[in-house]
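Peer 1: Here you go, sequence then predicted model.
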Amino acid sequence: MKPYTHDKNVPTNSVYPQKVGGNVFDFIVCGAGSSGSVIAARLAEDGNASVLLLEAGGDDQSETVSNPAHWPLNLGSSRDWGFVGEPTPGLDGRRLPLSMGKGLGGGSSINVMVWARGHKADWDYFATEAGDDAWGYESILRYYRRIEDWQGAVDPVRRGTGGPVHVAQPLSPQPVAEALLSAASAVGVPIFGSTNGEMMEVSGGASIAELRIRDGKRETVFDSYVRPMLSRPNLTVMTGALVTRVIFDGKRVTGVEALVDGRHCQFMAHCETVLSLGAINTPKILMQSGIGPEEELQSHGIPVVQDLPGVGRNHQDHLAFGCTWAYRKPEAVGGSGCEANIYWKSDARLTQPDILQCQLEFAVPSPSETGLQTPEHGWSMFNGLAQPKSRGRLRLSGSGINDPVLIEPNSLSEPEDMAAALAAVELCRELGNSDGFKPLVTGETAPGPRSRSGMIDFIRRSAVTYWHQSCTAKMGRDTMSVVDSELKVYGIEGLRIADSSILPRITTGNTMAPCVVIGERAADLVGKSHGLTAVSDAVAKVK
């Protein structure tokens, strides 16, 4: 490991959006979101390693970030990449807004703050696909124990305390959240004290949500991991730095090019570069750098460095179909507005949940295509598919950094997804129209009673996204896999991927927590490869 040096034009220990010169670091991490923040901080714990964390967006100093109730205001703002899907036949030709966090903290700065680990079956599936038990549930539990500072009931097997990530349930959930648990119990859905304990090991249940809110304010992953490290001279965090491509020496990645203040700047990595740009930008940068499907690259005049047909394929996302009820009188909104959730099955024969329901304590407007009116005061169930079978893809529209990615979600293209969606809406309506909610609501406003064909029509026209885009550079061993079990890009040296794009399939539940695990796992793998002492100590604690 070479000693840390830096160009005089690039200050350290700061968020730096201004002019930069060339520079050489030991490690470059691209993207300061829920995975990249973890990796940069963990690598920088070893004072001998110089780390550069590049972020295209700006800082996270805003009321819309810190105030949990203001998260919807970030959608469509400068803190959102503002991706939009292509017209989708399964959605009656609609184009879905596909928001993704842009700025320090990434998605953790604009999301609903729900902490959901993924189901045991998810992680065991990943281990099978990767051929590596280190990705299995028992191993991942050890990571979660290291990560968490859980504020709830003691569970030494499943929960951690003293870690960097503060996780807590609301102290006084609103009546509508308690009503949901009561209604769920009445229809046979088991109630658990914690979403992320035993509930993630069985066939489903309901619980009060677990959130990333501390003292009434959002806590981002950047807050938890990087902010306490900013005084370290071996960590540089740079905002306003749009990564445009990776730099090669043969088939070895030696750094990245980034657009900063209108200038193309190169940053070189002695050891490794990690892409943590998210499931849209990571495959875009790979393809525009020459890593991806050969025919796709050649059609845009991009020289092929490595033919990997799986780059940009296997796109997955959670879809939601909003069911809404009008309140009798205005009700308070607690925390982020999401204080209860349900994971359940569309078919009793299933062994793990395929339905995801997050209750929102305000009325979510239905898409205009539904023709439904939204009550001034009400609540909605963000209700949808936890394990969609439909698969989409990403395509380039050009070779330039400003050429947008064409996102083809292919939503509801598989018949199993429509069957699960119908079951999800049926369960939601059964819950919302039960006696437990009658003191709070006057009645259902969406979707209302419909025939089967009418309900299918509602689902196609009302579907929106949970903003959980994933799986576009998957980990595995087949011909469509992009990274191996150590997150190394096949056929390329010095480059790893660590974000939601590496998931072989989408996790059951919100994706922030799995992204933190991916970051921790990546940091361990990188650190071990290069003999970082701090990382080696952390790995020993996980075993």
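Peer 2: Great, that's in hand. Numbers count the residues shown, from 1 in each chain.

Peer 1: ok, which stretches of the stretch 51-200 of the chain are strands?
Peer 2: Using DSSP state E, counting those that start in this stretch, the strands of the stretch 51-200 of the chain run over residues 51-54, 83-84, 97-98, 148-150, 165-167.

Peer 1: Show the average pLDDT along stretch 321-334.
Peer 2: Averaging pLDDT along stretch 321-334 gives 97.

Peer 1: buried sites along that stretch?
Peer 2: Of all the residues in stretch 321-334, those buried under the rule 16 or more other Cβ atoms under 10 Å are 321-327, 331, 333-334. Using the backbone N, CA and C atoms, a C-beta is placed for each residue, glycine as well.

Peer 1: Nearest to V482 among those residues?
Peer 2: Among the buried residues of stretch 321-334, F321 lies closest to V482 (Cβ to Cβ), at 31.1 Å.

Peer 1: Who is the closest one paired with across the strands?
Peer 2: N383 (DSSP bridges).

Peer 1: Over to L356?
Peer 2: Beta-bridge pairing of L356, defined through DSSP bridges, involves Y343, G384.

Peer 1: Could you measure from it over to G454?
Peer 2: 23 Å (Cβ to Cβ, to the nearest Å).

Peer 1: who's more crowded, these two?
Peer 2: L356 (26 against 12; other Cβ atoms under 10 Å).

Peer 1: tell me the pLDDT at the more buried one?
Peer 2: Listed pLDDT for L356 reads 96.

Peer 1: Show the contacting residues for it.
Peer 2: By Cβ atoms under 8 Å, 6 or more residues apart in numbering, the contact set of L356 is 318, 320, 341-343, 383-386, 466, 508-509.

Peer 1: Equivalent analysis for M418, please.
Peer 2: Here M418 is in contact with 412, 456, 459 (criterion: Cβ under 8 Å, 6+ apart).

Peer 1: of all those, which comes closest to T479?
Peer 2: Using Cβ to Cβ, these come closest to T479 at L412, 26.8 Å.

Peer 1: highest average neighbour count across the strands of the stretch 51-200 of the chain?
Peer 2: Across the strands of the stretch 51-200 of the chain, averaging neighbours per residue (mean count of other Cβ atoms under 10 Å) puts strand 51-54 on top, at a mean of 29.

Peer 1: Just the contacts of M418: which are in helices?
Peer 2: Secondary structure from DSSP state H places 456, 459 of the contacts of M418 in helices.

Peer 1: JSON lines for the contacts of M418, including neighbour count, pLDDT and distance to A116?
Peer 2: Formatted as JSON lines, the contacts of M418 follow (neighbours: other Cβ atoms under 10 Å; pLDDT from 0 to 100; distance: Cβ to Cβ, whole Å):
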{"residue": "L412", "neighbour count": "24", "pLDDT": "98", "distance to A116": "23"}
{"residue": "I456", "neighbour count": "16", "pLDDT": "98", "distance to A116": "28"}
{"residue": "I459", "neighbour count": "25", "pLDDT": "98", "distance to A116": "23"}
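
Peer 1: returning to what we had before: take the contacts of L356 and write them to CSV, including neighbour count and distance to F192.
Peer 2: Shown next, in CSV, are the contacts of L356 (neighbours: other Cβ atoms under 10 Å; distance: Cβ to Cβ, whole Å):
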residue, neighbour count, distance to F192
H318, 24, 21
A320, 26, 22
N341, 27, 10
I342, 28, 10
Y343, 27, 10
N383, 25, 19
G384, 27, 20
L385, 28, 21
A386, 27, 16
Y466, 22, 21
T508, 24, 14
G509, 27, 13
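
Peer 1: With distance to N23 added, can I get those residues in CSV?
Peer 2: Formatted as CSV, those follow (distance: Cβ to Cβ, whole Å):
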residue, distance to N23
H318, 39
A320, 43
N341, 44
I342, 49
Y343, 46
N383, 48
G384, 44
L385, 44
A386, 43
Y466, 38
T508, 41
G509, 39
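
Peer 1: Which one of these is nearest to V305?
Peer 2: Closest approach to V305 among those (Cβ to Cβ): H318, at 33.1 Å.

Peer 1: Show me where the stretch 201-350 of the chain has its strands.
Peer 2: Ranges of strands in the stretch 201-350 of the chain, per DSSP E, counting those that start in this stretch, are 205-208, 213-214, 217-218, 235-238, 241-249, 252-260, 263-275, 291-292, 306-307, 313-315, 319-327, 340-344.

Peer 1: Which one of these lies nearest to G392?
Peer 2: strand 313-315 (3.6 Å).

Peer 1: Partner strands of that closest one and their direction?
Peer 2: Here strand 313-315 has these sheet partners by DSSP bridges: strand 392-396 (antiparallel).

Peer 1: next structured bit after the strand it pairs with?
Peer 2: Remark: after strand 392-396, the chain's next helix or strand is strand 405-408, criterion DSSP states H and E.

Peer 1: Kindly export that following strand (C-alpha atoms) in CSV.
Peer 2: Only the C-alpha atoms of strand 405-408 are listed here, as CSV (Å, rounded to 0.1, in the frame of the first residue of the first chain):
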residue,chain,number,x,y,z
VAL,A,405,-30.6,5.2,-20.7
LEU,A,406,-33.7,3.6,-22.2
ILE,A,407,-35.4,1.7,-19.3
GLU,A,408,-37.9,-1.0,-20.4
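
Peer 1: Quick one: closest of the strands of the stretch 201-350 of the chain to H300.
Peer 2: strand 291-292 (10.1 Å).

Peer 1: List the pairing partners of that closest one within its sheet, with orientation.
Peer 2: Partners of strand 291-292 in its sheet, by DSSP bridges: strand 306-307 (parallel).

Peer 1: returning to that earlier point: TSV for the strands of the stretch 51-200 of the chain, including distance to L73 and mean pLDDT?
Peer 2: Output for these, formatted as TSV (distance: least, Cβ to Cβ, whole Å; pLDDT from 0 to 100):
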stretch	distance to L73	mean pLDDT
strand 51-54	26	98
strand 83-84	18	97
strand 97-98	15	96
strand 148-150	28	98
strand 165-167	23	98
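
Peer 1: Out of those strands, which gets nearest to T239?
Peer 2: Of all the strands of the stretch 51-200 of the chain, strand 51-54 comes closest under Cβ to Cβ, at 8.5 Å.

Peer 1: Report all helices and strands that the closest one contacts.
Peer 2: Applying 3 or more Cβ pairs under 8 Å, 6 or more residues apart in numbering; DSSP states H and E, one finds that strand 51-54 contacts strand 23-30, helix 36-44, strand 235-238, strand 263-275.

Peer 1: if you set the cut-off to 7 Å instead, what comes out?
Peer 2: Here strand 51-54 touches strand 23-30, helix 36-44, strand 235-238, going by 3 or more Cβ pairs under 7 Å, 6 or more residues apart in numbering; DSSP states H and E.

Peer 1: Please compute how far the second one lies from its chain's middle.
Peer 2: Pointing back at helix 36-44 there. Centroid separation for helix 36-44 versus its chain: 17 Å, with Cα atoms, centre = their mean, to the nearest Å.

Peer 1: Below-threshold pLDDT in the stretch 401-543 of the chain: ranges please.
Peer 2: 534-543 (pLDDT under 70).

Peer 1: Helices along that one, start to end?
Peer 2: Under the criterion DSSP state H, counting those that start in this stretch, helices of the stretch 401-543 of the chain are mapped to 415-432, 452-462, 512-529, 533-542.

Peer 1: I figured S34 hits A513, correct?
Peer 2: No. Using Cβ atoms under 7 Å, S34 makes no contact with A513, being 8.3 Å away.

Peer 1: who's more crowded, the two?
Peer 2: Under the neighbour definition other Cβ under 10 Å, S34 and A513 were set side by side, and S34 has more, 32 against 25.

Peer 1: ok, and the closest non-adjacent residue to that one?
Peer 2: The spatial neighbour of S34 that comes closest, neighbours along the chain excluded (Cβ to Cβ, 6 or more residues apart in numbering), is C515 at 3.8 Å.
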